[in-house]
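*Asks:* Requesting a structural model of the entry that follows:
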Amino acid sequence: MKNFTYVSGEQRPVEVLVFRMDPAVVDEFLRIDHEVWTLGEAHME
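*Replies:* Sure thing, here's the model as predicted:
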């Protein structure tokens, strides 16, 4: 998290997640994240 900065009053997305992940599971994580959050929210009523 050394590269994460915040300036008082600046506009940011609702959430910023910073975490470490095993490189072997990154593609699967991104696929599921896209399916659940991006596509799921697009179809919410």
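
*Asks:* Could you list the residues in contact with the lengthiest helix in the chain?
*Replies:* Ranked by residue count under DSSP state H, the longest helix found in the chain is helix 26-33. By CB atoms under 8 Å, 6 or more residues apart in numbering, the residues outside helix 26-33 that reach it are Met21. (Glycine included, C-beta is placed from N, CA and C.)

*Asks:* Extract the C-alpha trace of that helix and format it as CSV.
*Replies:* The C-alpha trace of helix 26-33 is given here as CSV (Å, rounded to 0.1, in the frame of the first residue of the first chain):
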residue,chain,number,x,y,z
VAL,A,26,-6.0,-13.9,-10.8
ASP,A,27,-7.8,-14.8,-14.1
GLU,A,28,-10.4,-16.8,-12.2
PHE,A,29,-10.9,-14.0,-9.7
LEU,A,30,-11.4,-11.4,-12.5
ARG,A,31,-13.8,-13.7,-14.3
ILE,A,32,-16.0,-14.2,-11.2
ASP,A,33,-15.7,-10.5,-10.2
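
*Asks:* which is the next helix or strand following it?
*Replies:* Beyond helix 26-33 in the direction of the C-terminus, DSSP states H and E gives the next helix or strand as helix 40-42.
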